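Q: Sequence first, then the predicted structure:
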Amino acid sequence: MPARINKRQQREQEELLALGQQPAAAADADSEEETAPLFTAEDDHDVPESDDEASKPTKAKKAKKKKKKPVASDLPEIPQQAKPAEAPKLQQSSQPKSAKKGKGKDKKKDDLDDLDTALAELSQKYPELQSVAASSSSITRNASLASLLSVSVSNLDAEAEMRKFFGAKAVIAAKSSETSSSGGSKKRRGGAPTQTQRSQLTRPHPTWSTIKQREGLSSRPLTDEEVQQKVADRNSPAAGDKWWTVEYSKRYKGATKTFMQAVMSGDPEALGRVLHKLPWHGDTLLQLAEVFRHREEYSQAVDYVERALFAYERAFIGAFSFTNGLNRLDFNRVENRPFFLALHRQVTDLQRRGCIRTAFEFGRLLYSLEPWTDPHGVLLHLDFVSIKAGMGQWLLDVHAEFSGVKTIFEDHLNPSALPGWAYARALALFAREKAGGAQQSVGSSTDALKQAMLTFPEVVPLLADKCDISLSPELRGHRALRIHTDGIGLSPAQSVLHLLSHLYAQRSAPLWKSAAHMKWFESTANGILPSLNAQRSNTTRERFLQMYASTTLRYSVYRHVLVLEQSFRNLTPFIPRSVLLAKQLACDPLPPLTALSEYNDAFFVGAEEIFSVRPRRRDARVLERLIPDAGIRAQIEALFEANPGLAGQLPGGVVEFVQMMAEMPDEALDDMMLDLAMGAGEGGAGVPGGGGMPGGLPLEGEDDLPDLDPMPPRGAAEVAPAFPEEDESEEDEDDEDEDIAPMPIRVVRNLLNRFWGGGGATADSDESDSDVEDRDHDGVD
């Protein structure tokens, strides 16, 4: 017995039968051909399904395609197919549309011809419009380059890479032993807050000082006028980049001024005082990292470099991003150069630790900040770490991106014209062919190596000597393979060429020491002699010599060698003597000749003196927030004034004394109070340990620093000329910026009880109470 159907299904069945008897129904679709493209599937979603008038033509068009099927089989599918109503209409009108498309193409072709004609006339009438087209092509190239310079944040974690090689247990064990040897004193304090900040560039340690949002550093984009001043040629690809700069606050400038005074005076202990006052000062952190590196205390040096990176990363919160490859940092401004130096130090430290993939990612980040002049020469790292880390395809893509550029802009570096990149490209092609993923012929790597040897033959004997590869006597004796050990008798560009040849051979020689690479290098090198004799000129070599005629690009190479002085000291003879004797600092090696700012008197105008005498009114407000109880606060002030030695060792006065006590454990408080009691009758005692925390505990941030001399006495500072009174608004802003927590009342009361006795304030223990009762009962007063 057939299933019973409702009235709606019965009506739809009648419509299907009626449509089957009307073959002329197809003509209706053609009549609506002109209006069909005006509707889309999205418009049809707004039509209600219960509308009978709308459903009739829809079902009619669907039924035309399925009219040969039995009616019973169509009935279950009718409700499901009622929704996409316009799709069949579009399919029915597809044939006439194709005809229309053909006509449309002809019309578009005519329109394009007219447009080309108009553009040709305009280009003849207005030649300056051609520069607009050139700039648009440079913008397109910048977009493709940005994808190659975008940083992978997940690969910036050196600890994660070490876990892959050594396992998590080994890394955790090494980390715990390192912490116990260097940070054991911090654990005993127990009062320091743990660091919970997040970072893309580092892993913040719990022992680091608490950092604020920006710590005196902020960033802003350059204005159009500043960008135009930096990039004079508007057709240059650098003109289409987003340029940024870091700015210092007044307090940060004051810390930098004090830092420069310490550096110029040659007092390394003064650096510790600056860091104690401002724990996140980038220049001081980098300078101390260099001190530890010279002592071969590499773990401490790495820690200080990571702190500097973390401090600068906080300045880039906002629109600046490391991951899009579009943001640039102006190296001509002195505020930005510490971040470049910190990244360069990080790249070299990661290579020393064996974290090659992380070193590549940091190198790519450093390159993305200024790819046109490469002020720290990170491309000279990337030709090695990209091959070592298995990122050869990235090197090939960057090489292809720049090798097709025909226009040569002033002070623009082209990686495809570097000797190290030519040889690294051959290695990348060789590895790709060995993996079976080559899209070209198998001999492309050999052709690339041969081309590299013909373009830069200076590298051939150096690599052969490093890898013990034998060369024919005829090739050895060729004048193009002569080895130079200094720049005497060479032009500046030729001197840079020999310097880079030595640099690549010294750094990348381990890549060529495998048996397959050595055999491949030897067979290719011994076969280039005929081509070398017949060669009259080489386009890539000429581009290199023209490129390094620029002083800016030569300074990038010199700066690279000076930063790595310990490892590549043998390359300094290629650097001009005038550059070596020029005034430069470890915190700012070889400033650029085009620098817009430097650390001088003009830069420090308006800087805040960080070691100036704090106004008494501000000290009183801070002390009131630390100790709300007025009676206890008065007794603490009396204790501090009764011991003049404290004032000489604590430049922050009673405020610093209270903050120091809040971080001290009970045992250290006992020691300090005993010393104060013993020295009170002798004119006052100071903090035990010569300015350090009692009990041998160092001050915050000083456990890794050299022993520091005490600061000048507070009384001496007060004799200095009085500072002008600060505005009330500035004091309020300073108070709001300071993160001051009230001192624990237990610490204060215990301190007073130990120094002046129980007095009835708060008993220390139940045993003391019982002792007092026993004495009263026995009549002993």
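A: Good, I have the coordinates. No experiment lies behind these values; they were computed from the predicted model shown. Residues are numbered from 1 along each chain as shown.
Q: Could you use CA atoms for every contact and neighbour count after this?
A: Noted.
Q: pLDDT below threshold where in the stretch 101-250 of the chain?
A: 101-116, 118-142, 174-197, 212-214 (pLDDT under 70).
Q: Can you show me the helices along the stretch 401-550 of the chain?
A: In the stretch 401-550 of the chain, the helices defined using DSSP state H, counting those that start in this stretch lie at 419-434, 444-455, 459-467, 473-476, 492-508, 515-525, 529-534, 539-547.
Q: Distance-wise, check the residue lying closest to residue 475 once chain neighbours are set aside relative to residue 430.
A: Leaving aside its sequence neighbours, residue 475 sits nearest to residue 529 (Cα to Cα, 6 or more residues apart in numbering; 6.3 Å). Distance, residue 529 to residue 430, by Cα to Cα, to the nearest Å: 22 Å.
Q: quick one, which of the two is more surrounded?
A: Under the neighbour definition other Cα atoms under 10 Å, residue 529 and residue 430 were set side by side, and residue 430 has more, 23 against 17.
Q: In contact with the nearest residue to that one once chain neighbours are set aside, which residues?
A: In space, and not counting its chain neighbours, residue 430 is closest to residue 445: 5.1 Å by Cα to Cα, 6+ apart. Going by Cα atoms under 8 Å, 6 or more residues apart in numbering, residue 445 touches 426, 427, 428, 429, 430, 433.
Q: Compare those and tell me which has the most neighbours.
A: For those, the largest neighbour count, defined by other Cα under 10 Å, is 25 neighbours, found at residue 429.
Q: If I look at that residue, what pLDDT would I see?
A: Per-residue pLDDT puts residue 429 at 94.
Q: Just to check, it is in contact with residue 444?
A: Yes: counting by Cα atoms under 8 Å, residue 444 is a contact partner of residue 429 at 7.1 Å.
Q: which regions of the stretch 501-650 of the chain sit below the pLDDT cut-off?
A: The stretch 501-650 of the chain contains residues with pLDDT under 70 at 612-618, 647-649.
Q: Sketch out the strands for it, chain order is fine.
A: With DSSP state E, counting those that start in this stretch, there are no strands along the stretch 501-650 of the chain.
Q: What residues of stretch 637-646 count as buried?
A: Across stretch 637-646, burial judged by 16 or more other Cα atoms under 10 Å covers 637, 639, 640, 642, 643, 644, 645, 646.
Q: wait, is residue 247 part of a helix?
A: No: read with DSSP: H, G, I helix; E, B strand; the rest coil, residue 247 is strand and lies in no helix.
Q: does it really touch residue 218, like I thought?
A: Yes: judged on Cα under 8 Å, residue 247 makes contact with residue 218 at a distance of 5.3 Å.
Q: got a list of what the residue nearest to residue 461 when sequence neighbours are not counted touches?
A: Sequence neighbours aside, residue 481 is the residue nearest to residue 461 in space, at 6.4 Å (criterion: Cα to Cα, 6+ apart). The contact partners of residue 481, taken as Cα under 8 Å, 6+ apart, are 457, 458, 459, 460, 461, 475.
Q: Buried only: go through these for me.
A: Buried residues within those, defined by neighbour count using 16+ other Cα under 10 Å: 457, 458, 459, 460, 461, 475.
Q: so what's residue 31 scoring on pLDDT?
A: The model's pLDDT for residue 31 equals 43.
Q: quick one: terminal-to-terminal distance for stretch 361-376?
A: Criterion Cα to Cα; first-to-last residue distance in stretch 361-376 is 15 Å.
Q: Enumerate every residue touching residue 541.
A: Residues near residue 541 by Cα under 8 Å, 6+ apart: 417, 455, 456.
Q: Near the last one, how many residues? Count them for me, please.
A: I take that to be residue 456. 24.
Q: Please name the residues that touch it.
A: If a contact means Cα under 8 Å, 6+ apart, then residue 456 has 419, 541 as its contacts.
Q: Next, it: phi, psi?
A: phi -130, psi 70 (degrees, to the nearest 10).
Q: do you know how far it is from residue 253?
A: Using Cα to Cα, we find residue 456 at a distance of 47 Å from residue 253.
Q: again with the first one
A: The spacing between residue 417 and residue 253, counted by Cα to Cα, is 41 Å.
Q: Equivalent analysis for the second one, please.
A: Residue 455 sits 49 Å away from residue 253 when distances are taken as Cα to Cα.
Q: returning to what we had before: identify the farthest-apart pair in the buried ones among the contacts of residue 481.
A: Farthest pair in the buried ones among the contacts of residue 481 (Cα to Cα) is 459 and 475. Separation: 12.8 Å.
Q: quick one, strands of this structure?
A: 217-221, 242-248, 327-329 (DSSP state E).
Q: looking at those strands, which is closest to residue 153?
A: Proximity to residue 153, assessed across the strands of the chain by Cα to Cα, is greatest for strand 327-329 (15.5 Å).
Q: quick one: strands adjacent to that closest one?
A: strand 242-248 (parallel) (DSSP bridges).
Q: Show me which residues of the partner strand are buried.
A: 243, 244, 245, 246, 247, 248.
Q: my read: the third one touches residue 336, true?
A: Right, the one you point to is residue 245. Yes: here residue 245 reaches residue 336: they are 6.4 Å apart, a contact under Cα under 8 Å.
Q: overlap in contacts of these two?
A: Common contact partners of residue 245 and residue 336 (Cα under 8 Å, 6+ apart): 329, 330.
Q: So between residue 417 and residue 253, which is more surrounded?
A: The neighbour count for residue 417 versus residue 253, taken as other Cα under 10 Å, is higher for residue 253 (25 against 22).
Q: residues in contact with that one?
A: 604, 607, 608.
Q: do residue 293 as well
A: For residue 293, the contact set (Cα under 8 Å, 6+ apart) comprises residue 301.
Q: now the one 10 residues further on
A: Listed by Cα under 8 Å, 6+ apart, the contact set of residue 303 reads residue 289.
Q: quick one: pLDDT of it?
A: 92.
Q: next one: residue 386
A: On pLDDT, residue 386 comes in at 96.
Q: any idea how far it lies from residue 347?
A: Residue 386 sits 12 Å away from residue 347, going by Cα to Cα.
Q: sorry, back to before: format the contacts of residue 541 as JSON lines; extra columns: distance to residue 282 and pLDDT.
A: Shown next, in JSON lines, are the contacts of residue 541 (distance: Cα to Cα, whole Å; pLDDT from 0 to 100):
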{"residue": "417", "distance to residue 282": "35", "pLDDT": "95"}
{"residue": "455", "distance to residue 282": "42", "pLDDT": "96"}
{"residue": "456", "distance to residue 282": "40", "pLDDT": "96"}
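Q: nearest to residue 469, of the residues you listed?
A: residue 456 (17.6 Å).
Q: Format the strands of the chain as CSV; extra columns: distance to residue 542.
A: CSV is the format used below for the strands of the chain (distance: least, Cα to Cα, whole Å):
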stretch, distance to residue 542
strand 217-221, 37
strand 242-248, 31
strand 327-329, 29
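Q: Out of the ones you listed, flag the one nearest residue 547.
A: Residue 547 lies closest to strand 327-329 among the strands of the chain, at 21.5 Å (Cα to Cα).
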